[in-house]
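Student: from the sequence below, what's the structure:
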Amino acid sequence: DFAVTFTASSATLGSSTSTKGITVNVKATGDVWVSTDVGLFHTVNNGTTFTQITGFTNTYSLSTGAPKTTGGYPSVFAFGTYNGTPGLWRSDDQGSTWTRLDDAAHGFGSQEANYVCGDQRAWGRLYVGTNGRGIFYGDDNGSTSTTTTKASSTTTSSSSTRTSSSSTTTSKTSSITTTTKTSSSTTTTTTTTTAGGTGTACHYCQCGGTGFTGPTTCVSPYTCTYSNDFYSQCL
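Tutor: Now for the predicted structure:
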């Protein structure tokens, strides 16, 4: 009803203590994705119950985009740590399988500082806003994916109603075009790479800090440089 009323859900998101992002399936009422400090959650019933997506242990910005097939379920993009590997991920099957869109040599720095937005008209196209490095966009059509199984456990809730007054991305097999814009110029580069999930952090990626659980070794020739107790970066 255009935010005239809101319904509060008492469902829990596992052991999460921090919500990082929310996105919706614009084609279906009540279909919502939520990123948290313990992973990714999905509801199709307006938040009455949530299902945790297996494999993710921490997620940040997320977005939906155009479906891979006409009339299909939207693609889901997310920054997060999946099966121990931090990166930018996409799912074309409601979270059952995930494809990594970046690699150890082509990243976006600290995941927490970036924002992703999927294109609602072109499948695989996404935009990434970075913390001081510009805005990147890319068209990805990689075919390699990693399989996971959705968790079967759900949480239930009761509800009440109240009324208010009112890339750089790189493909696993394809050429990616990225654009960085500043106030006075635009630079465009094209790169062709083969992605590979390794246990190393990419250039500009976070590699240490209090509570950090990702890779602490940087891709060559970069080294993990201490900034403060909460953040070290591959420089």
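Student: in the sheet, who's paired with the nearest residue to residue 58 once chain neighbours are set aside?
Tutor: Nearest residue to residue 58, sequence neighbours excluded (CB to CB, 6 or more residues apart in numbering): residue 81, at 4.7 Å. C-betas here are computed from N, CA, C, even on glycine. Residue 81 forms beta bridges with residue 58, residue 86, as assigned by DSSP bridges.
Student: what's the helix or strand for the spatially most central residue of the chain?
Tutor: The centroid of the chain falls nearest to residue 78 when counting by CA atoms, centre = their mean (1.3 Å). Using DSSP states H and E, residue 78 sits in strand 75-82.
Student: which other helices and strands contact that strand?
Tutor: For strand 75-82, the elements it packs on are strand 32-36, strand 39-43, strand 56-65, strand 85-91, strand 115-118, judged by 3 or more CB pairs under 8 Å, 6 or more residues apart in numbering; DSSP states H and E.
Student: got a list of contacts for the first one?
Tutor: Around strand 32-36, the neighbours that count as contacts under CB atoms under 8 Å, 6 or more residues apart in numbering are 13-14, 16, 18-25, 40-43, 46-47, 50, 58-62, 64, 76, 78, 80.
Student: please repeat the previous calculation with a cut-off of 6 Å.
Tutor: By CB atoms under 6 Å, 6 or more residues apart in numbering, the surrounding residues in contact with strand 32-36 are 13, 16, 19-24, 41-43, 59-60, 62.
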